[in-house]
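[1] Using only what follows, build the 3D model:
(2 chains)
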Amino acid sequence: MTRAQRSLYIWLGLAAVLIAFPLLAPVLPLQPTIGMDIPHRFAGPSAANWLGNDEYGRDVLSRIIWGARASLAVAFGSAFCAAVIGTVLGLLGGYFRGITEVLAVRSTEIVICLPPLLLAMLVITILGAGVLTLTVALTILFVPNYTRVVYAATLQTGGLDFVKAQEAMGTHPLKILARTVLPNIVPPLLVQFSLTVASGILLESGLSFLGLGVVPPAPSWGLMIRAARAAMDQQPLLLLWPSLSLAGTVLLLNVICDRLQDVLSPKTAARGGAAWLRRQIKRTPGVPAPEVPLLKIEDLSVGVALEHGSMGLTKGISFEIKPGETMALVGESGSGKTLTGLAMTGLLPNALNVTDGHAWFRTDNGVVDLSALTEDEFGPLRGNEISMVFQDASAALNPVHRIGDQLAEIIQRHRPMPKAQAEEEVVDLLRKVGIPDPERRQRAYPFELSGGQRQRAMIAMAVANAPKLLIADEPTTALDPTIQAQILRLFGKLKDDNPGMGVIFVTHNLAVVKEIATHVSVMYAGQVVEQGTVAEVFADPRHPYTKALLASVPESDAERLESIPGTVPQPGAMPEGCRFAPRCAHAAAACAAPQPLLDTGAGRTTRCLRWADLWKDVA
Amino acid sequence: MSPVIEALELTRNFPSRSGLIGAKRDVWALRGINLSIARGETVGVVGESGCGKSTLGNILLGLDSPTGGGVRFEGKYLHDFKGAHRRAMRKRMQLVFQDPFGSLDPRRSVGAQIADGLRNHDVVPGSETDAEVARLLTLVGLDPSVAPRRPSQFSGGQRQRIAIARALAPRPDFIVADEPVSALDVSIQAQIVNLLADLREELDLAMLFISHDLHVVRHLCTRVVVMYLGRIVEEGPAEQVFTDPRHPYTQALLAATPSLKRPAGEMGDVLDGELPSPANPPSGCAFRTRCPLATEACAAGVPPLEHIAHDRKVACIRAELTGGKGGLQ
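    Modelled structure (predicted):
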C-alpha cells in the first residue's frame, strides 16, 4: 500500500465512523428530537445533554445526529442521481457527437446559465418544500457538472487506441461505452462525486436556512443554524454546534476528494528532494583531479532514492572523450544512456542522483568533477562550455518567447554584449544552422517553425557559445528520414567548424551511430558492455549483445531477423553476474559472477568474459 | 489471384480554417489512391509524416469514410454495409497499432481483451473461449498463463504481441499494421517483424504494413507503395523499388536512410526543404519544389501513375532519366 492509499483509507475510515452515527440514530440511546422541554430552554452542556438544549429545550446532540440524516440523505441522494443521469448524457454526447452531443450536453448547459439558488427555489416553489423535492432540485442543479466532466473525459478516452481497437473489432457502441470507456473515466467521476456531496450539504443547509428545505419541526443543520441565529444573544453555543458539523463534514469530504485524486492519478508525484535541497547535496571529490584531455568519466553510477536506501540505475560507466571526438552512447530503452548524458549537465530528475564515481571535465579554469558540482557551480558551465540538444524541440523551446530572443538570452548570459551585437550573432547562428531567411525567422515563435526548423533552432542555442562538450540526446529520433538526414549533415558541419568540440550522441539507432560518431559505448541494463571506435566495434563486435544488436537490424539478406530472446531486466531485479547472461546464447557458469570491463587491446574494452573463446580468430 | 481488398480512386479531405475568420480550405490527405492487396501479400506503405499513410489504413478498415471513391472488400463496397452488418464485416479486417502502451485497455485483463473479438462474432462456442485465448497467446509466443494479467505487467514488446493476438482473434483476412514496430527497441523489433512474417504465411493474410523504416519494409513486404502528399508516387515489388528506385522522391528517401552497410560519411544527396503543407500543395507534381530534376513542365499537371514495367508504376514525367540511381544496399 502506498502512502497516498494509506492516507485515503484513514480519512475514509473517519468518514465511515461519522456517517455511522446518523445511520444508527434510531437505535442509539438518543433523546427525542421533537418533544419540547420549555423549562430547560437554552440550558448549557450537561451530563444528560452533552451539547445543551435549544430554544424549545430539545437535546442539541440528538438533533445534530438526526439532522445529519436529512442533510446527508439529500446530499448523497442528489449527488448519486445526478451522477447516473449526467454520466449517461456525457457518455452518449462525448462518444456519438453530432446531434446527440447537442441534445445531451449542450441542453444541460442551459441549467448552468441560471443562478443555482434561484433555480432550486423555483423548483421548490412549484413542488413544495421537503426532503424529496430538495433532492430533485439539487439533482437538476448537479447534472450539468457531471455531464461536462464525463463528456470531456469521454472525448479524451474515445480518441485512444484501445477504444479504436474495440471499434475495429466490431463491438456494439453501447458495449464499448459500458465496458471500455466507463471504467476509464471513473477517476474524474469519483472526484466529482465527492465534490458534489460537499456542495449538496452546503446547499441543503442554505435552503433549509431560508425555509425552503426540510420542514420544521424535523431537525436539519440548516434549520438549526436558522433557529440559533435568532437566539444568538441568549445562547451563542447553539450556533457553534451545527456550524461546526457543517464545516467539518465539508472539509472532510474535500480532503477525501484530494486523497482520491492522489490515489487514482497515475502520475503520482515523484518523491525526492526539491531543487533547493539538491543544491545542498555536495559530494566532496576526495581525490585530486587528474589531467584530462576533455572529459573522462570514471565509474559513474546513478541511482534513484527510495524510501529505504537507493536503487541503482546505471553502474560503473567509464569513458573518455578527446577534443573533436564523437562518442555515441547506444542501447535500448532502459539501458541508462540518457541518464548518463543528463548526469553530465546536472539535469538529472529530482529523485535521481549520482551515487558514485567522477566525471572529470576540463573547463577554462581547470579540471572539475561534474558529478560533484552544485547547482550554482553549474550555472556558468551550462549553455556555455557544456550544452545539450534534446529529442523534442517543441518541448525544449519556450513557446511564449521568440526564437531570436531565446538565442540572444543565452549568448548574453555568458558573454555580455550590446543588444544589437547579440542580434547580429543570432542571425549569423540561425544562418549557420540552415534556417532560411534568418533576419525574419528570428522573430518567429517556436510554433511557427516546422519540426525540422525547431530542431535547428535548438541546435543553434546549443552551439551559440561554442561549447567544448555538446550532449545530444536522440536529436533526430522524432524526425522524418529526409529531415533526419539534414540534421545529421548539420551536426557533421558543426563538428567541422569547431574541431575542438567533443560530442556525446545518445541514440538507439545503430545506422545513425555509424553516420555520425567516431567512438561508441554500447550500453545494456545500466552498464557499458563494449567500447571502441565505431568502425572496429561494428566490423568486429566483441560482446554477444553488440553482435546480436547488429544482427537484429533488418538490413541483412537473411530470411529471418536475428532477435534477442527475452527482455531487458528491470532496475531492482538485475542479475547478480553478467546482466546479459539470461538472454545470452553463450552464457557459461562463470558468467554468474559480476563482470569487469576487460581490455581487449587497441583501446577496446568488452564486458564479456568469454570474448576470447568466442571469437578466437580475432583475438 | 483476386484481391481481398481494393481501394478505388480514394480521396479524403479534411476541412480546416485558418483562424476564426480565415478562408475555409480543404486539407487533402488522400488523392486518387488505387491499391489492391491479395491474400498472402504484404504491401508496405512508406512516406513521411503527413503523406496520408495512416488515413489510408483507417479508410481501408472502414474506420474513416472517404470523401470520394470507395473501398471494395472481396468485391463488395464497404459503404453498402451499415450498422450490424458493418460490425459483422469488422471481423474480417483488423488493426495493429503503433503504441503498445496506448492500444490496450489498462483496466481489463489481456485475456478479456483478446476474448472480446471472439465473443463479438461467436468465433468459437462460449465454452471454448478460454482455450482459444490460450491458443492465440501461444501463437504470438506468450505463455497462456498470462491471460488474467493487466497490460501494465508487460513490456512493450510483449504488449505488441498481445495486441497482435487480439487482432488475430476474430480470424481476419486482412490486417493493417500501422507502424507496429517503430515504438520498440531494435532487438524487440526483430521479434515482432519475424512474428508478423510467420503469421502472414501460416494464416495466408493480406497485410498493409505502414512504416517509415525502409529497412523493415524491405525485409517484410512483398510490394511497396511510396506516398508523397496524399498521392502514390511509386509502386512495385519491394526488392525492385529498393534496389532500383525510379521516382526522385523514392531515391531521396533511400539516400536519406542511414545504413549500416553504407560506408560512413557517404550519405547520398540530402534533399533540401521540407514537406509542403497539405493545405496548400504545389501545383502540378507536388514534389517539384524539392526535386533535382524538376522542369517547367512539372508544374503544368499532376503526373499520372504510369506503368514502366509489368508490375511497376511511377508518377514522374521524367522517369526515363532516373534509372540506376541510389538504391538501398
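
[2] Mind pulling up the pLDDT for the closest residue to B:Pro180 other than its chain neighbours?
    Distance criterion C-beta to C-beta, 6 or more residues apart in numbering or on different chains; nearest residue to B:Pro180, sequence neighbours excluded, is B:Val96 at 4.8 Å. Glycine gets a C-beta too; all of them are placed from N, C-alpha and C. pLDDT recorded at B:Val96 is 92.

[3] what's B:Val96 sitting at in phi/psi?
    phi -120, psi 130 (degrees, to the nearest 10).

[4] Tell me the spatial nearest neighbour of A:Leu429, not counting adjacent residues.
    Excluding its sequence neighbours, the residue lying closest to A:Leu429 (C-beta to C-beta, 6+ apart) is A:Ala460, at 4.6 Å.

[5] tell me which strands and helices the helix or strand hosting that neighbour is in contact with?
    Secondary structure assigned from DSSP states H and E places A:Ala460 in helix A:451-463. For helix A:451-463, the elements it packs on are strand A:386-389, helix A:393-396, helix A:403-414, helix A:419-432, strand A:469-473, helix A:481-497, judged by 3 or more C-beta pairs under 8 Å, 6 or more residues apart in numbering or on different chains; DSSP states H and E.

[6] need the longest helix for chain A.
    In chain A, taking DSSP state H as the definition, the longest helix is helix A:60-96.

[7] check contacts around whichever residue of the stretch 301-450 of chain A sits closest to chain B.
    Closest to chain B within the stretch 301-450 of chain A is A:Glu332: 3.8 Å, counting by C-beta to the nearest C-beta. Contact partners of A:Glu332, counting by C-beta atoms under 8 Å, 6 or more residues apart in numbering or on different chains, are A:His508, A:Tyr524, A:Val568, B:Asp185, B:Val186, B:Ser187, B:Ile188.

[8] How about the residue in the stretch 51-200 of chain A that chain B sits nearest to, nearest residue that isn't a chain neighbour?
    Using C-beta to the nearest C-beta, the single residue of the stretch 51-200 of chain A nearest to chain B is A:Gly170, 3.2 Å away. Nearest residue to A:Gly170, sequence neighbours excluded (C-beta to C-beta, 6+ apart): B:Arg90, at 3.2 Å.

[9] Neighbours of that neighbour, how many?
    The tally of other residues near B:Arg90 (other C-beta atoms under 10 Å in any protein chain shown) stands at 24.

[10] A:Gly572 too?
    Neighbour number of A:Gly572 under other C-beta under 10 Å is 10.

[11] Find me the pLDDT at it, would you?
    On the pLDDT scale, A:Gly572 is placed at 79.

[12] and A:Val367, that one's in a helix?
    No: secondary structure of A:Val367 (DSSP: H, G, I helix; E, B strand; the rest coil): strand, not part of a helix.

[13] With adjacent residues omitted, what lies nearest to it?
    Distances taken as C-beta to C-beta, 6+ apart put A:Ala289 closest to A:Val367, at 4.0 Å, once the chain neighbours are dropped.

[14] which parts of the stretch 101-250 of chain A sit against chain B?
    Counting by C-beta under 8 Å from any C-beta of the partner chain, the stretch 101-250 of chain A comes close to chain B at A:160-162, A:164-172, A:179-180, A:183-184.

[15] rank the helices and strands packed on helix A:451-463 by pLDDT, which is bottom?
    Among the helices and strands packed on helix A:451-463, helix A:393-396 carries the lowest mean pLDDT, at a mean of 84.

[16] Please name every helix or strand in contact with that one.
    So helix A:393-396, by 3+ C-beta pairs under 8 Å, 6+ apart, packs with helix A:451-463.

[17] Restricting to C-alpha, output the helix it packs on in CSV.
    Taking C-alpha atoms only, helix A:451-463 is exported to CSV below (Å, rounded to 0.1, in the frame of the first residue of the first chain):
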residue,chain,number,x,y,z
GLY,A,451,9.7,20.3,-36.6
GLY,A,452,13.0,20.3,-38.5
GLN,A,453,13.5,24.0,-38.1
ARG,A,454,12.7,23.9,-34.4
GLN,A,455,15.4,21.2,-34.1
ARG,A,456,17.8,23.5,-36.0
ALA,A,457,16.9,26.4,-33.7
MET,A,458,17.6,24.3,-30.6
ILE,A,459,20.9,23.2,-32.1
ALA,A,460,21.7,26.9,-32.7
MET,A,461,21.1,27.5,-29.0
ALA,A,462,23.4,24.7,-28.0
VAL,A,463,26.3,25.9,-30.1
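
[18] for the stretch 151-300 of chain A, what spans make up the strands?
    A:295-305 (DSSP state E, counting those that start in this stretch).

[19] Low-confidence stretches in it?
    For the stretch 151-300 of chain A, the stretches flagged by pLDDT under 70 are A:265-286.

[20] What's opposite the residue nearest to B:Pro180 in the beta bridge?
    Beta-bridge partners recorded for B:Val96 (DSSP bridges): B:Ala177.

[21] what number of residues lie near it?
    Counted with other C-beta under 10 Å, residues neighbouring B:Val96 total 26.

[22] okay, the angle between the helix holding A:Ala460 and strand A:469-473?
    150 degrees (axes from the mean of the first three to the mean of the last three C-alpha atoms, to 10 degrees).

[23] Appreciated, that's everything.
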